[in-house]
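Colleague: structure for this input, please:
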Amino acid sequence: MRSLTLLGSAFLFISTAQASLATPQEPKAPAWHVVTLSFEGPTLSETKSTFFDYRLDVEFTHSTGKMFLVPGYFAASGEAADDGASTGKIWHAKFVPSLDGEWRYKAHFRKGDRIAIGLEEDGESAGFFDGDEGKITVAPAKLDPNALDFRKRGMLLDVKNRYLQFAGTKQYFLKTGAGSPENILAYSEFDGTYDIGGTPFPALGDNQLHEFEPHIKDWREGDPVWGRDGRGKGLIGIANYYAEVGVNAQYMVVMNVGGDGQDVFPWVRHDDMYVFDVSKLAQWERVLSYMDRKGVLKDFLFTEMENESLFEGIEGGEFADSRKLFYREMVARFGHLLGLVWNLGEENGSDAEILTEVLGSEGLAVLGVENGVVIPGNPAWIKATTQAQRLAFAQYIADLDPYDRAIVSHNLPGAEEMTYGEKLGVPTFSGISLQAHEHYADIILEWLNRSKAAGRQWMITVDEPMGWEFGARPDEETPEHEHAINDVLWPSLLAGAAGVDWYFGWQNNAPTSDLSNEDQRSRHNLWVQSAAVRAFWETKVPFWEMEGSITTENGRKILKFSGDPGKHPTLTLSDEGLSFEGVEEPSAVQFPKKKSE
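Modeller: Residues are numbered from 1 along each chain as shown. Predicted structure coming up:
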C-alpha cells in the first residue's frame, strides 16, 4: 500500500478545475471534488474488444469503512479531448469523495469475453495495474449554501423524497430548466459528430448541427475549451449564460439514432454500437462538468420514443448486450457529475396503439424506412419497451452507479398508467419525468400520492409541458409568458413537483424550435421569470416540509400548498388567483391573479 502520487502504473489527478493537474505530493482535494485515477495498461484502440472484453472497476474505501465501487473506462492517450486520440494505454476512473480523510483504493482490471457488461468479479486478470492499491487524502468540503457551483453544495442525490437533496449542504433542489434543444450535444465542434438524416432545419447550416454562435460572446478568458484550436466556446458560453439568468437544468438526449434529430450518439459510427468515440465523450465530459460548476443539473436521457427498442430490435432479446455496454460507458464516463438524473428515455413505454395514434402509420413507416437511417431493420424496432424491461434497465443502471442517483422515465401524455403503474413501490425507480399538456396539478398529485402509498415516494418534474407543437414560445411572441408561469409552473410547484424544464416545441421547423434553436436568449424573459418564482420558493417557502392538495368548495377547485398551521405558510390557488397566508406576497414575481384582473 503506497500513498505517493505515482503508484506503480497509476497516476493520480485532482479535478479541482476542469483540467486535471498532476501534483508532486499527496493531494488533498476537498470533498465533492472529482478525483481521477489514471492507469497505464496495454496499448489499445477504439475497437469492440477494447470496450467489451476489458473492464476496470476501482474500489474506494474510507477509513470509516464506507465503500464505493467505481467503474472505469478506456481513455486512449488520457488527453483525448485535446489531442483527439483513438489509441493509447490510459484508463481512467473518476471518483467523488463524500468524506474527508483517508480513502484507500484497489484497481480491478479484468479481461474476458463480454466481461464489460458483467456485474460480478469474473474473467481473468488483465495484468498491468490489476490489483494496484494506494490511498488519497481528502480535505474537508468547502460548503457554501449560496454557491452556484455544485462542488460547494455536494452531489444531488435521490433521498426517496419529492425532491433531490444536496448531500453536502442538505438543501433540497427545485429546477427551472431548459428542455430544449434536446439535441444540445449535436454540436459541430465535438469530434465525430454528424447528422445521419434527421428532419432538416433551414435554421441550421449544411451540416445540420448546432454552432451556438450567438453564445460565443458569453465565453470568458480562462473558461474551458478543447482541441489544439480552442473549440467549444459557443456551448461553454451557454453554461455561462444559464448562470446569469438562473437556468439550473438542461434536458438532453444522448442517443437519438433513429429518432428526431439523428445527430447525437456516443459511438465512432452511428451504426456500430460497440465502439465508443473516446475524444468526443471526453469533450462531452468537459462541457457537462463545467455545467456542474455553473449550477446546471443534467437531465440525461438515454433514448427517445422512436429508438427505445433500437438495441433489442437489432440484436434481439429483452436486454441487448449493446444496451448494457451503452449504460456502463455512460455511467463510467459521466457518473461523477454532481448534478445528474438518469432518465430511461423520452416518451418511453407507449404501446403500438398509442404510437400509431400519435405518429400515424405513415409516420411510423417514414421513421423506419425513408429517413436515411442506415441501421438495418424496419418499424419493428420502433416499439415500446415493456414495464419488465424498463425495470431491468433501471436495476442495471442502479447496480452500476456508485451513488444514489435518481432514475426516472418520461412518458407520452395520457400514457402514465402504462408507463409507470408497475413501477410503483420499486426501490430503484425514483419518479416521473412528466410530459403533460394540461391538468398538471391533478396528474402530479395523483402519482405523488400513489407512490407514497406504495411505500416509495417519487419525485415528479414536468419536462415537456404546453403541447408538442409549440411548447414555450419565444419572447417575441409571448414576452410575459403568462401561460407558462401562471398555468404550468405555479400549479406544478403547488402540487409538489420538483420543477419544470421548458420545451420549445416542434414549431413547424421554426428557427427557435426544440431541435434548431441556436440562441437561448430567445426565451430570456422566461428564464428570468421562472428563476424569480423559484427564488421565492427557495427563500420563503419550506417546500420540503409542506405538501399539496386539491379540494372542491362550492363547485370551485382549490389547489393548496400547506404544512403545519402556525409554522408554515399556506399558498392557495383558485379562480380568484393565488393567495398567500403566513408569507408576504411577492412584489417582483409573476403569479396567477384573478382572471378579470
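
Colleague: gap between Asp113 and Phe52?
Modeller: Asp113 is 8 Å from Phe52, where distance means C-beta to C-beta, to the nearest Å. All C-beta spots, glycine's among them, are computed from the backbone N, C-alpha and C.

Colleague: domain ranges for the protein, per the record?
Modeller: 6-142, 151-540 (automatic domain parsing).

Colleague: helices of the stretch 301-450 of the chain, residue ranges please.
Modeller: 310-315, 321-334, 352-365, 387-400, 416-420, 440-453 (DSSP state H, counting those that start in this stretch).

Colleague: and stretch 163-181, which residues are buried?
Modeller: 163-169, 171-181 (16 or more other C-beta atoms under 10 Å).

Colleague: that should have said stretch 236-252, apologies.
Modeller: 236-243, 245-252.

Colleague: could you report the neighbour count for the closest residue in space to His336 that isn't next to it in sequence?
Modeller: Excluding the flanking residues, the one nearest His336 by C-beta to C-beta, 6 or more residues apart in numbering is Lys94, at 3.9 Å. For Lys94, the neighbour count with other C-beta atoms under 10 Å is 24.

Colleague: kindly report the same for Ser587.
Modeller: 5.

Colleague: what about it, distance to Phe536?
Modeller: Using C-beta to C-beta, we find Ser587 at a distance of 10 Å from Phe536.

Colleague: between Asp113 and Phe52, who's got more neighbours?
Modeller: Ranked by neighbour count (other C-beta under 10 Å), Asp113 and Phe52 place Phe52 first, with 21 against 9.

Colleague: in space, what's closest to the more buried one - neighbours in sequence excluded?
Modeller: Excluding the flanking residues, the one nearest Phe52 by C-beta to C-beta, 6+ apart is Ala116, at 5.2 Å.

Colleague: in stretch 565-577, what counts as buried?
Modeller: Buried positions in stretch 565-577, judged by neighbour count with 16+ other C-beta under 10 Å: His568, Pro569, Leu571, Thr572, Leu573, Ser574.

Colleague: just the helices in the stretch 51-200 of the chain please.
Modeller: Ranges of helices in the stretch 51-200 of the chain, per DSSP H, counting those that start in this stretch, are 80-83.

Colleague: lowest average pLDDT across the domains of the chain?
Modeller: With a mean of 87, domain 6-142 has the lowest mean pLDDT of these.

Colleague: contacting residues for Trp267?
Modeller: Met273, Tyr274, Val275, Phe276, Asp277 (C-beta atoms under 8 Å, 6 or more residues apart in numbering).

Colleague: hang on, the earlier thing: deepest of the domains of the chain, which one?
Modeller: Counting by mean count of other C-beta atoms under 10 Å, domain 151-540 has the highest mean neighbour count of those, with a mean of 20.

Colleague: now do that domain: distance from first to last residue.
Modeller: For domain 151-540, the first and last residues are 24 Å from each other (C-alpha to C-alpha, to the nearest Å).

Colleague: and that domain, how far out from the chain's middle?
Modeller: Computed by C-alpha atoms, centre = their mean, to the nearest Å, the chain-centroid distance of domain 151-540 equals 6 Å.

Colleague: name the nearest residue to Gln395, sequence neighbours excluded.
Modeller: Thr428 (5.3 Å).

Colleague: wait, that neighbour touches Ala398, no?
Modeller: Yes - counting by C-beta atoms under 8 Å, Thr428 touches Ala398, with 4.3 Å between them.

Colleague: shared neighbours of the two, anything?
Modeller: Taking C-beta under 8 Å, 6+ apart as the contact rule, Thr428 and Ala398 both touch Ile407.

Colleague: may I have stretch 282-289 as PDB, with CA atoms only?
Modeller: Presented in PDB, the C-alpha positions along stretch 282-289 are these (Å, rounded to 0.1, in the frame of the first residue of the first chain):
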ATOM      1  CA  ALA A 282     -14.100  13.400 -23.300                       C
ATOM      2  CA  GLN A 283     -15.300  16.700 -24.800                       C
ATOM      3  CA  TRP A 284     -18.900  16.000 -23.700                       C
ATOM      4  CA  GLU A 285     -17.500  15.400 -20.200                       C
ATOM      5  CA  ARG A 286     -15.700  18.800 -20.300                       C
ATOM      6  CA  VAL A 287     -18.900  20.600 -21.000                       C
ATOM      7  CA  LEU A 288     -21.000  18.700 -18.500                       C
ATOM      8  CA  SER A 289     -18.500  19.100 -15.700                       C
END
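
Colleague: can you list contacts of that stretch?
Modeller: With contacts defined as C-beta under 8 Å, 6+ apart, stretch 282-289 is touched by 15, 18, 34, 75, 80-81, 185, 190-191, 224, 226, 232, 235-236, 239, 266, 298, 333-334, 337.

Colleague: can you check stretch 415-430 too?
Modeller: 158, 160, 341, 348-351, 354, 387-388, 390-391, 394-395, 398, 406-409, 411-412, 432, 434, 443, 447, 450-451, 454-456, 458-459.

Colleague: ditto for stretch 555-568
Modeller: Applying C-beta under 8 Å, 6+ apart, the external contacts of stretch 555-568 come out as 441, 491, 493-496, 541-543, 545-552, 569-575, 582.

Colleague: just the residues you listed: which are in strands?
Modeller: Glu547, Gly548, Ser549, Ile550, Thr551, Thr552, Thr570, Leu571, Thr572, Leu573, Ser574 (DSSP state E).

Colleague: which stretches of the stretch 1-150 of the chain form strands?
Modeller: 6-7, 10-15, 21-22, 28-30, 34-45, 54-62, 67-71, 73-76, 87-95, 101-111, 124-125, 133-139 (DSSP state E, counting those that start in this stretch).

Colleague: I'm done for today, thanks for sticking with me.
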